[in-house]
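In: Sequence and predicted structure are below.
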Amino acid sequence: MPSKKDRVDAGQAAPDLEIVGSQVTLHPTGFTGGYDSQDGAITERNLVRHMARFRENPFDFLREVSLFVSGTGWRAYDSVIGQPVYYPGYSDNIKRLIVRSPLLQSKMRDLAEARLQVEQSEGLFDGTPDAVKKAMSRRKSEIELSLRDVVETMMDSMICKMDSNAFIRGAYYITTQLLTRAYHQGIHVSSEEVLRLRSVAQAAADKKQSIIFLPNHKSHVDYVSLQVICYRLGIALPIVVAGDNLNFPVVGAFLQHAGAMWIRRSFGDDQLYSTLVQTYIDVLLQQGYNFECFIEGGRSRTGKLLSPKFGILSFIVDSLLSGRVKDTIICPVSTQYDKVIETESYISELLGQPKAKENLSNFLSQSSVLSLKLGRVDVRFHEPWSLKEFLTQQLQRIQVAQTLGSQIKLSYSDRGRVLRALGYRVLSDINDVSVMMPTALVGTVLLTLRGRGVGKAELVRRVEWLSERVRAKGGRVAHFYRAPTSQVVDRALDVLGPKLVGEVTGLAEPTYYAVDRFQLSFYRNMTIHLFIPEALVSAAMYTKVKQGGGPTNQDITYEALLEQVTFLSQIFRGEFIFPPEGLVANLGKSLHGLEKDGVIKIARNAAGAPIAVGLSDAERQCGRENFDFYCFLIWPFIEATWLGAVSLMGLAPPLNGPSDVWVNLNKAQDSAQQLGKTLYHQGDLSYFEAVNKESLKNAYQRFAEEGIIQIARSKEQRTTPATMRLAPEWTPQRDEQTGKLMDRGRLWDFTERIARSRREGKNRRDGATVSSRVLTMTDTVGRQLFQSVARSDATDINVSTRQARRTVLAEKANL
């Protein structure tokens, strides 16, 4: 898989270290990086592998257990880098610091005073002024005491309880036993990265500063892996922010004692709870305890990075902007897998099945976790950086004269800019250190080839081509100790298994095909971030290529290319992480790279500026395989956005009915998904994965940002779901005689523009199909949705039209 150049570099690099207990094994470096990267000498170690098992070797099994029980060697976890953790009284000390916090004390006084004013306005105090004053003082003390009791209860269920060193030794042993049964090739890390991390951790400990680990989130294994790594390296374990959906019997208590901090999914208007979370984070950062939260919020069900979530980040930033915390260290983390345990459940959720409630049996039995062989986990650490320095740069950019260390108040919009800059900086850093696993490479190739299947030789050739493309883009490719590509491909096929990749036997050579394209797309999406600019250029060029008529007719002018790339970039703004250089610069860089690779030819004027772009002769001679690769990457997402836009056409209110109807947002998205499934099985949609809920949600969010739809949300989202309607200026027209939707108007033009870059179906032409059969189908589905609203009562409609309008106006004001 590595090129000749990379093989030489890897051969000269320091060896990897595989550390299992006290035994050290040497290996060649485990991956190759981009040509301009500094990864040539990075080494790798396997921290956890082949724990002894009773049936195979009872003596070694009992020896290992005794070493953990006695706390021998590194297992003792009694001399860690960082602030003291896992000692009796840790939880009580944290609670004491929280309760004494001026921030929390002030909030409780304010809440008590506010309640007292309400009671006074209700006439609950009477008598002489002195008697009223005494009664109010006594009542205020009662309220504050009651609030302290509430805080105690909240703290008990929220804070992690790192009180027992014996517990964490046992927890490490149990989790590594489970982990190595599922991921039998262990957890791999870069030796140089972890040495750097230990050095940064020591410097942070000396300054009593926290390291905030910000990993991507694909699996429940993510936080287990990082905890295991920190334990094995002797770094103080981070407190992990976790949703209270995981706080169920047995597992919840176990995780809380292992470092989990439980928070609600929604705070609503609970000012006391919000202040308690802020205070807890303040205390952790002031005391220098390490901290971990997931930059994406929840787990990615699609395999690619999600847009950053700003809830916990906002609390962290506020700790520094307020001056309560001087500085903290940010460490982005990439966690990659040969195979993710939860992908089957993810696909069920994306296809509309309700998310299963977390419980112990599901937690342990993800496809029989105790007997799976899913390959390895690969964890990479970006170089840590100072949050204070980052915020200082951001404040200078938005021309805030104040310096960190004093109370800084930012406007809503400025605060949003700072948080977005922070979130996307972290996502970019995660992408920079991510390693492309063999399963991701094989899955990507299988989903970007024409035809029913691919021969073994061709599969190996395309994996090698893709590996070269990844490295050329500055990415890293796992090659597993310079094994031949054919062996690496065999290993990936073995891990993916026959449920994802099938083999046709009895042929001239082994031939493979995608069995479950939907689930396999999870692995393809692990590589897509590297090729988004090229994919958008190819999709824009396809608007001309699919017209046929000879090479000259298929060339696209630079102006038309720029226009379509700009349009596609806008609709995918929340779907992908784009390079930070800007659209025009990214376009120029992509065109240069595609031209250098022989995929396209560019006609230029006398000044050297591009005037037209087309496929090169070499690309046509090889059957457009490279151009098609980039198109195949982006087409499913174009289909999903097109499906979302088509579904909106059906939300035009029927004739002779109310024109101002707000529908349940979730029900509208469910209807869009039902429409997509129908269109797929009837041949009007090319990709079944386009019906996944995640992409449809992203599309609706983008439509809301464009003003195509209006969404009304309540702070109490659990009890009052969001509602939506088409904006009046985007609402399609209906024929006044028949009531049928008309193929014209602003929304129709928007949908058609998306369709220009869609993959052309074998037995359809987009324009005629959409204007007849697809419009009829979306109208049918839309009418069913309106009928369900008409039949429902006021609680099903969720909010009245007047309430919805107020919410929309409030959101616009915030924006």
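Out: Structure's in. What do you need?
In: Can you give the domain ranges for the protein?
Out: Here the domain parsing of the chain from automatic domain parsing is 43-84+162-238+289-435, 529-623, 635-814.
In: now the end-to-end length of the shortest one.
Out: Taking C-alpha to C-alpha, to the nearest Å, domain 529-623 runs 25 Å from one end to the other.
In: Include distance to residue 150, mean neighbour count and mean pLDDT when you put the domains of the chain into a markdown table, please.
Out: C-beta coordinates here come from the backbone N, C-alpha and C atoms, glycine included. Below are those laid out as a markdown table (distance: least, C-beta to C-beta, whole Å; neighbours: other C-beta atoms under 10 Å; pLDDT from 0 to 100):
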| stretch | distance to residue 150 | mean neighbour count | mean pLDDT |
| --- | --- | --- | --- |
| domain 43-84+162-238+289-435 | 20 | 18 | 84 |
| domain 529-623 | 38 | 17 | 93 |
| domain 635-814 | 19 | 18 | 82 |
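In: Out of those, which is closest to residue 514?
Out: domain 635-814 (11.1 Å; C-beta to C-beta).
In: Correct me if wrong: residue 444 contacts residue 524.
Out: Yes. Residue 444 lies in contact with residue 524 (C-beta atoms under 8 Å); the separation is 4.5 Å.
In: okay, the domains of the chain in CSV with distance to residue 458 next?
Out: CSV is the format used below for the domains of the chain (distance: least, C-beta to C-beta, whole Å):
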stretch, distance to residue 458
domain 43-84+162-238+289-435, 22
domain 529-623, 12
domain 635-814, 21
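In: between these, which gets nearest to residue 132?
Out: Of all the domains of the chain, domain 635-814 sits nearest to residue 132, with 35.0 Å by C-beta to C-beta.
In: what's the helix or strand for residue 422?
Out: helix 412-433 (DSSP states H and E).
In: Give the next helix or strand downstream of that helix.
Out: Heading C-terminal from helix 412-433, the first helix or strand you meet, by DSSP H and E, is strand 435-436.
In: List of residues touching the helix or strand just after that next one?
Out: Sequence order places helix 438-446 as the next helix or strand after strand 435-436, per DSSP H and E. Residues from elsewhere that reach helix 438-446 (C-beta atoms under 8 Å, 6 or more residues apart in numbering): 336-339, 375, 454, 459, 462-463, 466-467, 470, 477-478, 480, 488-489, 491-493, 495-496, 500-501, 512-514, 520-524, 526-528, 633.
In: now do 7 Å
Out: Outside helix 438-446, the residues that touch it by C-beta atoms under 7 Å, 6 or more residues apart in numbering are 338-339, 454, 459, 462-463, 466-467, 478, 488-489, 491-493, 495-496, 501, 512, 514, 520, 523-524, 526-527.
In: by contact count, what packs against the next helix or strand after that helix?
Out: Downstream of helix 438-446, the first helix or strand assigned by DSSP H and E is strand 454-455. Where contact means 3 or more C-beta pairs under 7 Å, 6 or more residues apart in numbering; DSSP states H and E, strand 454-455 is packed against strand 511-514.
In: what does the strand it packs on contact?
Out: Contacts of strand 511-514 (C-beta under 7 Å, 6+ apart): 446-447, 452-455, 459, 493, 501-504, 520.
In: in the stretch 1-150 of the chain, what spans have low per-residue confidence?
Out: 1-70 (pLDDT under 70).
In: Let's see which of the contacts of helix 438-446 end up in helices.
Out: Residues of those located in helices (DSSP state H): 459, 462-463, 466-467, 488-489, 491-493, 495-496, 520, 523-524.
In: Ranking by neighbours, what's the top pick from those?
Out: residue 523 (28 neighbours; other C-beta atoms under 10 Å).
In: nearest spatial neighbour of that residue, skipping sequence neighbours?
Out: residue 443 (3.3 Å; C-beta to C-beta, 6 or more residues apart in numbering).
In: Look up how far residue 462 lies from that neighbour.
Out: Residue 443 sits 12 Å away from residue 462, going by C-beta to C-beta, to the nearest Å.
In: Also residue 587?
Out: Using C-beta to C-beta, one obtains 26 Å as the distance from residue 587 to residue 462.
In: swap in residue 450?
Out: Residue 450 is 12 Å from residue 462, by C-beta to C-beta.
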